[in-house]
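1. Sequence first, then the predicted structure:
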Number of protein chains: 2
Amino acid sequence: MDFITLIGLLAAFGTTFSFLPQAIKIIKTKNTEGISLSMYLMFTVGVFLWLIYGYMKSDTPAMVANGITLILASIILFLKLKYKPKL
Amino acid sequence: MDFITLIGLLAAFGTTFSFLPQAIKIIKTKNTEGISLSMYLMFTVGVFLWLIYGYMKSDTPAMVANGITLILASIILFLKLKYKPKL
């Protein structure tokens, strides 16, 4: 494995799995008050486009990272909508 | 501009500027209760590595996106630490 690929994999690990403690925190507390709905709407669409971009560039670390990130961000978006404060 | 670059720029726009409404929400409400500190610690390190990765691959859309994302994520991390609930 070359150095660029190693940096890519470490980057992938950091940004991808960062969403895991956020998802776990929401599942445990059911509290999404501080979470921005606009952020997760924009982020989920954006990371889906990064997935397509990685595919078109045959960039394996980017595809793996963005695929998993898409799943985790979608879970947070779903939980934000589920636990939305009642009006 | 070719189609791949266009997808990259749209992806960059989505994931980068998604952190803006989150930062604004925290600045307005001073509420970071639902925000995961672990997420923003891991994410900030990860996006910094993506910036290096983009530089090494001479990938301009990735560099621009990750540079701005790094600034916005750092602001959210700083605010999370600043408005941490007192024990």
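-> Everything's here; your move.
2. ok, A:Gly46 - contacts?
-> B:10-16, B:18 (CB atoms under 8 Å, 6 or more residues apart in numbering or on different chains). C-beta here means a position set from N, CA and C on the backbone, and glycine is covered the same way.
3. among those residues, which are within reach of chain A?
-> Contacts with chain A within the contacts of A:Gly46, as defined by CB under 8 Å from any CB of the partner chain: B:10-16, B:18.
4. Among the contacts of A:Gly46, find me the one that's closest to chain A.
-> B:Gly14 (2.2 Å; CB to the nearest CB).
5. To which secondary structure element type does the residue nearest to the spatial centre of chain A belong?
-> Central residue check for chain A by CA atoms, centre = their mean: the C-alpha nearest the mean position is that of A:Thr69, 3.2 Å away. Per DSSP: H, G, I helix; E, B strand; the rest coil, the local secondary structure of A:Thr69 is helix.
6. And for A:Gly34?
-> Assignment for A:Gly34 (three-state DSSP): coil.
7. average pLDDT across stretch A:25-42?
-> Stretch A:25-42 shows a mean pLDDT of 94.
8. Name the residues of it that come out as buried.
-> A:25-26, A:32-36, A:39-42 (16 or more other CB atoms under 10 Å in any protein chain shown).
9. same question, stretch A:49-59
-> For stretch A:49-59, by 16+ other CB under 10 Å, it's A:49-55, A:57, A:59.
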